[in-house]
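**Student:** Pasting a predicted model and its sequence here:
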Amino acid sequence: MALDQLKAFLTTMQNDPALRDSVLAASTADDVAKIGHGLGYEFSGDELLRLSGQKVGRVTVTKQETPGEYN
């Protein structure tokens, strides 16, 4: 199930400073999903966005609003 995969990824991320830095540097939720996919986790950017505002372990998922002229 993708939600379980996403939660496992976020749990791994909270204990891996290099992974956390990569995720924080990502521009979009899809970019974060690609990072996760590269590590064997299966979830989509949309699934990540649906967790916005929720806490998984020590990680709080927050959607960043970026003005269109910066995309």
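**Tutor:** Here it is on my side, so go on.

**Student:** Just checking: what are the partner strands of the helix or strand of the chain with the lowest mean pLDDT?
**Tutor:** Between all helices and strands in the chain, the lowest mean by mean pLDDT, DSSP states H and E belongs to strand 59-60, at a mean of 82. Using DSSP bridges, the strands paired with strand 59-60 are strand 55-56 (antiparallel).

**Student:** which residues sit in contact with the residue nearest in space to the middle of the chain?
**Tutor:** By CA atoms, centre = their mean, the chain has its centre lying nearest to Val32, at 4.7 Å. Val32 makes contacts with Val23, Ala26, Gly45, Leu48, as judged by CB atoms under 8 Å, 6 or more residues apart in numbering. The way it works is simple: take the backbone N, C-alpha and C, and place the C-beta from them, glycine included.

**Student:** ok, now with 6 Å
**Tutor:** Contacts for Val32 (CB atoms under 6 Å, 6 or more residues apart in numbering) come out as Val23, Ala26, Leu48.

**Student:** which helix of this protein spans the most residues?
**Tutor:** Among the segments of the chain that qualify as a helix by DSSP state H, the longest is helix 2-14.

**Student:** After that one, heading C-terminal, what element do we hit next?
**Tutor:** Once the chain leaves helix 2-14, the next helix or strand it forms, by DSSP states H and E, is helix 17-25.

**Student:** That following helix to helix 2-14, inter-axis angle?
**Tutor:** Angle between the axes of helix 17-25 and helix 2-14 is 120 degrees (criterion: axes from the mean of the first three to the mean of the last three CA atoms, to 10 degrees).

**Student:** so after helix 17-25, what's the next helix or strand?
**Tutor:** Past helix 17-25, further along toward the C-terminus, the next helix or strand under DSSP H and E is helix 29-38.

**Student:** Give me the number of neighbouring residues for the nearest residue to Ala8 once chain neighbours are set aside.
**Tutor:** Leaving aside its chain neighbours, Ala8 sits nearest to Tyr41 (6.4 Å; criterion: CB to CB, 6 or more residues apart in numbering). The number of residues packed near Tyr41 is 19, by other CB atoms under 10 Å.
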